[in-house]
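In: missing the sequence, but the structure's below:
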């Protein structure tokens, strides 16, 4: 009897408690899952996809100012290493040999931005999280400089018309104050960028539907993403503009930038001594810096943001050999897979065919639909790389991102409203919610928006607020599916995962509001599973299988079908949409009033200067007279 078979016999009862069906230990695949709320390491059977062992550690998030969200990069790394070590100990307790781990993948919170010094390995600032909106002023500044009136002309724009507009822009730039060097440079780059997009070799695209925002669409044609505080490039600009240490390190050539995957891989593969500075295409496609068509860093985008290419990681595919671990109890084991967390969940749900869709209900809520090997640019939504395996063509996804889901319910809990009321609440009792506590993402892209409740009365109970928040999450998902349907892609059903998907109440509510089935698998850890799939493919674990991926899929445990009538669904959605529009209108009016007040205050201060000058000059004359009279 082989050692593997002996180990299997010794641990049969334990693995049965873990719901495993292994006949022998066999090959294993590991996955690091570094998310917004925790770090985890999980080990799966390469034969069945069942979870064998795992360890999880929460990570802390700090909000030093309203709208800011930061984490300690060192804590992210340390918790990942600890999770690996603890999982290895658990494997040994199960009499499973850790050397059966054939490959390790990494999946991570996307867009979160880290900068560090490659000579010391020390981060220069806390990690700025994906949901941090401190870059709102930078975003507005760039949008104001982009001369948006030139972005709404029809697609038949002639070369002469382009030249005329180019001349007007150049004349406008000549009249700018020379002291405004930063804004001046931004105007130059915007002009070059829009000229490239509008040239005769690249005719204008017509808007697809009413959600088109002309100020964002130009940029989106190149990188698949709209301007937003959400993505990494603006966070990197903020770091450069506000931290002398970042500017100095950038000038000296010692600065490295990366999302969480790059930071982890660089450190795990050796750090200062021999760390590999890379990212994969899925994470690179979330920076605003990668060309969606070449899958390389775009020189025009880098010039637009004034970023040197030397600070950027090398872009690699999602499934290949990156290097070996130099730290943890798995030293020498190969890293062969990397995916952003939402793309990993898409792969973990086996959404490998166009039209297949998954929604992850976590800190935020993220809906991704597989669109095949040709990117579709849809205003209001994101186009992102879903995965790329080796030399095969990249697979793309269209995505809608909702900033607050689990975090919204966590905020309610901090007010004393328990999340367990999710399952007992049956109605909102007329309360409507918009949980945009740090702005709205897709499809409205309003970083200035804040959370709103309406319909609260003396009869409102805590569970009504919980139910209204759940409804708002479900309504936003419907809003995203409606946008996707305008591309011609029809979604038949939604596969779900993430912590909030464990709420049967929310999943039934989602099915009712969508009017489509919602399918929840037994094993909800599809994010880590996707990273494990990419890693296993990277070492050829399933080369004998057509398509290079195993045939096992998460077993469906629950299927939620809509039970309300179409009229009820449409009435509820229309009522919520009117509430959202009213909330947005109020926010705009409030901002306009604040700006007007600031201007009036500034003007009133300016009108005081003549009086101040008269008083000062009079005082000076009296003092001079006293001096001449010999009194001083």
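Out: Right, received. Where do you want to start? Only a predicted model underlies this, so the values are computations on that prediction, with no experimental measurement involved. Residues are numbered from 1 along each chain as shown.

In: hey, where'd the strands end up in the stretch 301-450 of the chain?
Out: Per DSSP state E, counting those that start in this stretch, the stretch 301-450 of the chain carries strands over the ranges 314-316, 319-324, 334-340, 357-361, 365-372, 382-387, 395-402, 432-434.

In: Counting by contacts, list what the first one packs against.
Out: Counting contacts by 3 or more C-beta pairs under 8 Å, 6 or more residues apart in numbering; DSSP states H and E, the secondary-structure elements packed against strand 314-316 are strand 278-280, helix 281-284. Just so you know, the C-beta spots here come from the backbone N, C-alpha and C atoms, and that holds for glycine as well.

In: how about those, which one is nearest residue 141?
Out: Residue 141 sits nearest to helix 281-284 of all the helices and strands packed on strand 314-316, at 24.9 Å, using C-beta to C-beta.

In: Residues touching the closest one, excluding its own?
Out: With contact meaning C-beta atoms under 8 Å, 6 or more residues apart in numbering, helix 281-284 is reached by 108, 110, 259, 261-262, 290, 295, 297, 313, 315-318, 338-340, 343, 384-388, 394.

In: Show the buried residues in these.
Out: Neighbour counting with 16 or more other C-beta atoms under 10 Å marks 108, 110, 259, 261-262, 290, 297, 313, 315-318, 338-340, 343, 384-388, 394 as buried within the contacts of helix 281-284.

In: Quick check: mean pLDDT of stretch 361-370?
Out: Taken as a whole, stretch 361-370 has an average pLDDT of 91.

In: how long is it end to end?
Out: End-to-end distance of stretch 361-370 (C-alpha to C-alpha, to the nearest Å): 18 Å.

In: circling back to that earlier point, tell me the most buried of the helices and strands packed on strand 314-316?
Out: helix 281-284 (a mean of 29; mean count of other C-beta atoms under 10 Å).

In: So what's the gap between the helix or strand following that helix and the chain middle?
Out: The first helix or strand that comes after helix 281-284 along the chain, using DSSP states H and E, is strand 290-291. Distance of strand 290-291 from the chain centroid (C-alpha atoms, centre = their mean, to the nearest Å) equals 16 Å.

In: Give me the contacts around strand 290-291.
Out: With contact meaning C-beta under 8 Å, 6+ apart, strand 290-291 is reached by 222-223, 281, 284, 296-298, 301, 315.

In: rewinding a little: nearest to residue 228, out of the helices and strands packed on strand 314-316?
Out: helix 281-284 (16.4 Å).

In: State the mean pLDDT of the closest one.
Out: Average pLDDT, helix 281-284: 97.

In: How about stretch 503-514?
Out: The pLDDT scores in stretch 503-514 average 94.

In: what do you get for stretch 249-257?
Out: On average, stretch 249-257 scores 95.

In: How about the contacts made by residue 463?
Out: Shown in contact with residue 463 (C-beta under 8 Å, 6+ apart): 417, 421, 424-425.

In: closest to residue 368 among those?
Out: Set against residue 368, the nearest of those by C-beta to C-beta is residue 425 (28.3 Å).

In: Phi first, then psi, for the closest one.
Out: Per-residue torsions, residue 425: phi -70, psi 140 (degrees, to the nearest 10).

In: ok, residue 545 - how many residues close by?
Out: Residue 545: 11 surrounding residues under other C-beta atoms under 10 Å.

In: How about residue 436?
Out: Neighbour tally, residue 436, other C-beta under 10 Å: 26.

In: Was I right to think it contacts residue 407?
Out: No - Residue 436 lies out of contact with residue 407 (C-beta atoms under 8 Å); the separation is 11.1 Å.

In: shaky segments in the stretch 401-550 of the chain?
Out: 544, 546-547 (pLDDT under 70).

In: if we go to 90?
Out: 401-427, 429, 435-452, 460-463, 485-490, 497-499, 502, 521-526, 540-550 (pLDDT under 90).
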